[in-house]
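[1] Sequence and computational prediction follow.
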Amino acid sequence: MTTSIADAVSRFQCSPAFKALDYTRVGASIRCIAARKQCAVFHAKRSFIRNSRAVTCAVQENKTPFDIEQSADDRMEKSVDSIRNNLNTVRTGRANAAILDRIEVEYYGSVTPLKSLANITTPDAQTIIIQPFDKNIIDDVEKAIMSSDLDLMPGNDGNCIRLNIPPLTAERRRDLAKLVSKLGEDGKVALRNVRRDTLRSIGKLKGYSEDEIKSLENNVEKMTLKHTTDVDEVVRKKEDEISKV
């Protein structure tokens, strides 16, 4: 006659052996086993993290001169792009949709760039038109513009927002010129930081001749000078825009 598992369990629970079990010890044993497993998992994770860090360090230390030079060039180029984008948001006396790039609007609980929520056009040199895709947020767009540092008064007709770009006053030109100069200096500081980090990485290279190391350092200096010149040029162009009446 075949005995089911349920019948076997039922008979065991009714047996003297089951009733004689010390549940305190059983519970302690179970907790001990669980603690050991948890400890094993912890040590396994810690070992994995250590090994991952070791691999990362090994990869970083095994960078070639080409890797180091390429990384420096990429980082410097990104710094120049960043300063260029920042300068584009500085308002001059002419209509430029880029001045709204930093405007953000709360849209269904999420802070979203205005340029993702509206069609922005410049029909003439003194006017910017903002047409939100969702007309329900037009008041929020208006508030976001008014609370920004653009110093503009938007006109809201319920369907679109019109920004009239007034000529810059002499005082406003001076303030913007100072801002542009500061942004340019921030960009140069970023380039110098990349240069410093790169020279440190070069100093850790192993197995290369002194001439090879010197050549790489010279390339980094030339690269820094080139990108610094790029920043100066971007700043000069923005200063020219501000100075035009």
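    Great, that's in hand. Residues are numbered from 1 along each chain as shown.
[2] Show me the domain layout of the chain.
    23-62, 63-88+169-243, 97-164 (automatic domain parsing).
[3] Put together a markdown table for the ones you listed, with mean neighbour count and mean pLDDT on each row.
    For the C-beta atoms, the positions are set from N, CA and C on the backbone; glycine is no exception. Compiled in a markdown table, the domains of the chain are given as follows (neighbours: other C-beta atoms under 10 Å; pLDDT from 0 to 100):
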| stretch | mean neighbour count | mean pLDDT |
| --- | --- | --- |
| domain 23-62 | 10 | 53 |
| domain 63-88+169-243 | 15 | 94 |
| domain 97-164 | 15 | 94 |
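[4] Quick one: residues contacting the closest residue to A118 other than its chain neighbours.
    Taking C-beta to C-beta, 6 or more residues apart in numbering, and ignoring the residues beside it in sequence, A118 has P132 as its nearest neighbour in space, at 4.5 Å. Residues near P132 by C-beta atoms under 8 Å, 6 or more residues apart in numbering: L117, A118, I138, V141, C160, I161.
[5] Find the nearest non-adjacent residue to the fifth one, please.
    What it means is C160. With C-beta to C-beta, 6+ apart as the measure, Q131 is the residue that lies nearest to C160, at 4.5 Å, once sequence neighbours are left out.
[6] Which secondary structure state is assigned to that neighbour?
    On the three-state scheme (DSSP: H, G, I helix; E, B strand; the rest coil), Q131 is labelled strand.
[7] wait, it sits on N159?
    Yes. Taking contact to mean C-beta atoms under 8 Å, the distance of 7.2 Å between Q131 and N159 places them in contact.
[8] so which strand or helix has E142?
    Following DSSP states H and E, the helix or strand that holds E142 is helix 138-146.
[9] Parallel or antiparallel, which strands does the very next helix or strand once past that helix pair with?
    Note on helix 138-146: by DSSP H and E, the next helix or strand toward the C-terminus is strand 155-156. Strand pairing for strand 155-156, determined by DSSP bridges: strand 161-164 (antiparallel).
[10] Residues in contact with the partner strand: which ones?
    Counting by C-beta under 8 Å, 6+ apart, 95, 126-132, 138, 141-142, 145, 152-155 sit against strand 161-164.
[11] Look up how far I138 lies from D149.
    In this structure, D149 and I138 are separated by 21 Å, where distance is defined by C-beta to C-beta, to the nearest Å.
[12] Which strand or helix spans the spatially closest residue to V220 that is not a sequence neighbour?
    If the residues on either side of it in the chain are set aside, V220 comes closest to T198, at 5.2 Å by C-beta to C-beta, 6+ apart. When secondary structure is defined by DSSP H and E, T198 falls within helix 170-203.
[13] the strands in the chain, which residues?
    Assigned by DSSP state E, the strands in the chain fall at 104-107, 110-113, 118-124, 127-132, 155-156, 161-164.
[14] okay if I get those as a markdown table plus distance to A190?
    Compiled in a markdown table, the strands of the chain are given as follows (distance: least, C-beta to C-beta, whole Å):
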| stretch | distance to A190 |
| --- | --- |
| strand 104-107 | 23 |
| strand 110-113 | 23 |
| strand 118-124 | 29 |
| strand 127-132 | 30 |
| strand 155-156 | 38 |
| strand 161-164 | 31 |
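[15] quick one: which of the ones you listed is nearest E233?
    strand 118-124 (24.2 Å; C-beta to C-beta).
[16] tell me which strands and helices the closest one is in contact with?
    Counting contacts by 3 or more C-beta pairs under 8 Å, 6 or more residues apart in numbering; DSSP states H and E, the secondary-structure elements packed against strand 118-124 are strand 127-132.
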